[in-house]
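Engineer: Okay, predicted coordinates and the sequence, questions at the end:
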Amino acid sequence: MAEILIVTGLPRSGTSLMMQIIEKSEIPVFSDGKREKDINNPEGYFELEAVKGIVKDNSFLDLAVGKALKIVAPLPIFLNKNHKYRVIFMRRNMDEILRSQEVMLQKDQLSEREKFRGIYEQHLSKTYRFFEDNSIPFIDVNYNELIFNTEPEIQKIVDFCLIKTTSNLLIEVVRPELYRNRNEN
């Protein structure tokens with residue numbers, strides 16, 4: 001039975017970048033292009049509108065077999081357990097995620113950051129627990145490492161996903177100039 005490659009992580013953690021990398025490989029990407037690229041993601045979001053309704057209807061997963069699909073945390077807990085999955089879990093410094101989210105929303109949420117931090121930590125915990133409880137293989141890919149230590153991170157992805165595409169083609173996708181809202185500590 002073919003697998004579905006899930007790219008997950010919190011919003012603003014590098015999931016769109018990972019989908020760009022996967023798109024360059026031989027693995028087809030399952031997205032609909034309804035959410036168009038913008039200043040926050042100039043290369044696109046690689047989303048599928050149906051994912052927003054996964055809580056009530058995950059039947060679209062039947063069409064994702066053999067493809068890569070982006071599903072932000074904690075929504076993977078609603079995956080259909082009848083399919084086989086492999087998961088790339090994007091991780092990024094939480095302060096950078098929160099700051100990037102504020103910039104994207106054009107909204108200062110400094111007073112709400114701790115609340116969102118708690119919510120996001122719960123999302124991560126639920127999602128990891130689901131993968132572990134259901135023996136779904138996953139790897140963590142740290143956004144910062146992917147940007148600044150690209151070659152070994154790409155190789156880790158290639159090995160995990162059994163990608164045959166030349167690593168150099170995938171490395172070319174990473175554009176450090178798009179790494180904004182950094183933690184300057």
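Structural biologist: Received, thanks. Because the structure is predicted, anything quoted here is derived from the model rather than measured.
Engineer: contacts, neighbours, all on C-alpha from now
Structural biologist: Will do.
Engineer: May I have the predicted confidence score for Arg12?
Structural biologist: At Arg12, the model reports a pLDDT of 88.
Engineer: How about the one 4 residues further on?
Structural biologist: Looking at Ser16, its pLDDT reads 93.
Engineer: In contact with it, which residues?
Structural biologist: Asn41, Gly44, Tyr45, Phe46, Lys70 (C-alpha atoms under 8 Å, 6 or more residues apart in numbering).
Engineer: quick one: which helix or strand includes it?
Structural biologist: For Ser16, the host element (DSSP states H and E) is helix 15-24.
Engineer: do you know how far the nearest residue to Leu79 once chain neighbours are set aside is from Ala64?
Structural biologist: Counting by C-alpha to C-alpha, 6 or more residues apart in numbering, Leu79 lies nearest to Asn58, which is 6.7 Å off, once chain neighbours are set aside. Counting by C-alpha to C-alpha, to the nearest Å, the gap from Asn58 to Ala64 is 11 Å.
Engineer: Compare those two (neighbour count), which wins?
Structural biologist: Shown here are Asn58 and Ala64; by other C-alpha atoms under 10 Å, Ala64 has more neighbours (20 against 15).
Engineer: And the helices in the chain?
Structural biologist: Here the chain has its helices, by DSSP state H, at 15-24, 94-105, 113-133, 143-148, 150-161, 167-171.
Engineer: and of the ones you listed, who's closest to Lys81?
Structural biologist: Taking C-alpha to C-alpha, helix 113-133 is the member of the helices of the chain nearest to Lys81, at 10.6 Å.
Engineer: Show me what counts as buried in that closest one.
Structural biologist: Arg113, Tyr120, His123, Leu124, Lys126, Thr127, Tyr128, Phe130, Phe131 (16 or more other C-alpha atoms under 10 Å).
Engineer: and which of those residues is nearest to Leu162?
Structural biologist: Among the buried residues of helix 113-133, and counting by C-alpha to C-alpha, the member closest to Leu162 is Phe131, at 19.5 Å.
Engineer: doesn't Leu124 make contact with that closest one?
Structural biologist: No - checked against C-alpha atoms under 8 Å, the pair Phe131 and Leu124 is beyond contact range at 10.8 Å.
Engineer: So in this structure, where's the weakest helix or strand by average pLDDT?
Structural biologist: Lowest mean confidence among the helices and strands of the chain (mean pLDDT, DSSP states H and E): helix 94-105, at a mean of 77.
Engineer: re the thing from before, mind putting the contacts of Ser16 in a markdown table, distance to Asn149 and pLDDT included?
Structural biologist: Compiled in a markdown table, the contacts of Ser16 are given as follows (distance: C-alpha to C-alpha, whole Å; pLDDT from 0 to 100):
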| residue | distance to Asn149 | pLDDT |
| --- | --- | --- |
| Asn41 | 21 | 69 |
| Gly44 | 23 | 72 |
| Tyr45 | 23 | 83 |
| Phe46 | 24 | 90 |
| Lys70 | 23 | 97 |
